[in-house]
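J.: for reference, the sequence and a predicted model appear below.
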Amino acid sequence: MHWFGGHTDTGAVMKRAACWIWVSILCLVLVAGCASTAREAAFRREEVALFEARQQACVRCEPTVDCESAWVRTRAFVATHSASRIVRADDTLIETALPHSFGFVYLAAPKGRLDEDHALIQLKAMCRGMYRTDGNVSVMYWTCANAIVAVEDEFRAFMSEAK
């Protein structure tokens, strides 16, 4: 019996309910697919931004006084922009420890010769917990990616100020 005193066809009601369930499932699948596609596109854009920031976070210098002052500035930058302390600093590498917590940036700056007249100092920002052990992104990915791009962009600006 229907709420208002009339009779209803139970079979028709069940068919409509089944139809609504299938429509709802289809909508959920479509929304999930769109969200997944959007997430994948955002991930690809972020990976490109990370690559570009890494490529631009470097200083080309002459191996004499020019590189020595750039190396001193690099060490100062690393010391003030890493979540952890410097554990190695010699003529070819400045490196900080892995932070204890996830989502924090730590840095390495290798210095190598490009040719007889030039050396290259490159900042490598990393973030603990950015990727899972299987290589896929973790929940910290977006926080880490934004922090890495910001630090590497800031390094480029910091080193340009000295020129």
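T.: Yep, it's here. Numbering: from 1, shown residues only.

J.: residues of stretch 62-77 that come out buried?
T.: Using 16 or more other Cβ atoms under 10 Å as the test for burial, stretch 62-77 gives 66-67, 70-71, 73-74, 77. From N, CA and C alone the C-beta is placed, and that goes for glycine too.

J.: now, those residues that are in helices?
T.: Among the buried residues of stretch 62-77, DSSP state H puts 66-67, 70-71, 73-74, 77 in helices.

J.: what's the most distant pair in those residues?
T.: Largest separation among these by Cβ to Cβ: Asp66 and Phe77, giving 16.5 Å.

J.: and Met140, what does it touch?
T.: Neighbour list for Met140: 102-103, 127, 129-130 [criterion: Cβ atoms under 8 Å, 6 or more residues apart in numbering].

J.: could you find the closest non-adjacent residue to the residue most central in space within the chain?
T.: Using Cα atoms, centre = their mean, the residue of the chain that lies closest to the mean C-alpha position is Ala145, 1.8 Å off. Distance criterion Cβ to Cβ, 6 or more residues apart in numbering; nearest residue to Ala145, sequence neighbours excluded, is Glu46 at 4.8 Å.

J.: state the helix or strand in which the one you found lies.
T.: In the assignment (DSSP states H and E), Glu46 maps to helix 10-56.

J.: tell me the helices and strands packed up against the next helix or strand after that helix.
T.: Using DSSP H and E, the helix or strand that directly follows helix 10-56 along the chain is strand 58-61. Contact here means 3 or more Cβ pairs under 8 Å, 6 or more residues apart in numbering; DSSP states H and E; on that basis strand 58-61 packs against helix 65-81, strand 119-122.

J.: make JSON lines from these and add mean pLDDT and distance to Asp153 to it.
T.: Shown next, in JSON lines, are the helices and strands packed on strand 58-61 (pLDDT from 0 to 100; distance: least, Cβ to Cβ, whole Å):
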{"stretch": "helix 65-81", "mean pLDDT": "92", "distance to Asp153": "11"}
{"stretch": "strand 119-122", "mean pLDDT": "93", "distance to Asp153": "14"}
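
J.: how about the ones you listed in TSV, adding distance to Ile21?
T.: Formatted as TSV, the helices and strands packed on strand 58-61 follow (distance: least, Cβ to Cβ, whole Å):
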stretch	distance to Ile21
helix 65-81	54
strand 119-122	56
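
J.: could you chop the protein up by domain?
T.: 1-41, 57-161 (automatic domain parsing).

J.: how far off centre is the longest one?
T.: The chain centroid and the centroid of domain 57-161 are separated by 14 Å, computed with Cα atoms, centre = their mean, to the nearest Å.
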